[in-house]
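Engineer: all I have is the shape, not the residue letters:
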């Protein structure tokens, strides 16, 4: 898979850097679909964890200006 069409280049990839935390090494969250709900009523939903070189059929290229904002 070409790195230009992998999760790290996708507009739906969240590396956590935007929320003030250090990015996880080679991992992030896929924000394409809503979080997966958990079985218990008090449990929180979870976003899928992906690596920077993962890919899927929902890839949408990252806009150059959105990372800089």
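Structural biologist: It's in. Just so it is clear, the structure is predicted and the values come from calculations on it, not from any experiment.

Engineer: and the pLDDT for residue 67?
Structural biologist: Here the pLDDT value assigned to residue 67 is 44.

Engineer: show me where this structure has its helices.
Structural biologist: 64-68 (DSSP state H).

Engineer: which residue of it lies farthest from its centroid?
Structural biologist: residue 41 (25.2 Å; Cα atoms, centre = their mean).

Engineer: shaky segments in this structure?
Structural biologist: 1-3, 16-24, 62-69 (pLDDT under 70).

Engineer: switch to 90 and redo it
Structural biologist: For the chain, applying pLDDT under 90 flags the ranges 1-29, 33-53, 55-69.

Engineer: quick one: the strands in it?
Structural biologist: For the chain, the strands defined by DSSP state E occupy 13-14, 27-30, 49-51.

Engineer: okay, those in a markdown table with distance to residue 59 and mean neighbour count next?
Structural biologist: (Glycine included, C-beta is placed from N, CA and C.) Putting those into a markdown table (distance: least, Cβ to Cβ, whole Å; neighbours: other Cβ atoms under 10 Å) gives the following:
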| stretch | distance to residue 59 | mean neighbour count |
| --- | --- | --- |
| strand 13-14 | 10 | 18 |
| strand 27-30 | 11 | 18 |
| strand 49-51 | 11 | 16 |
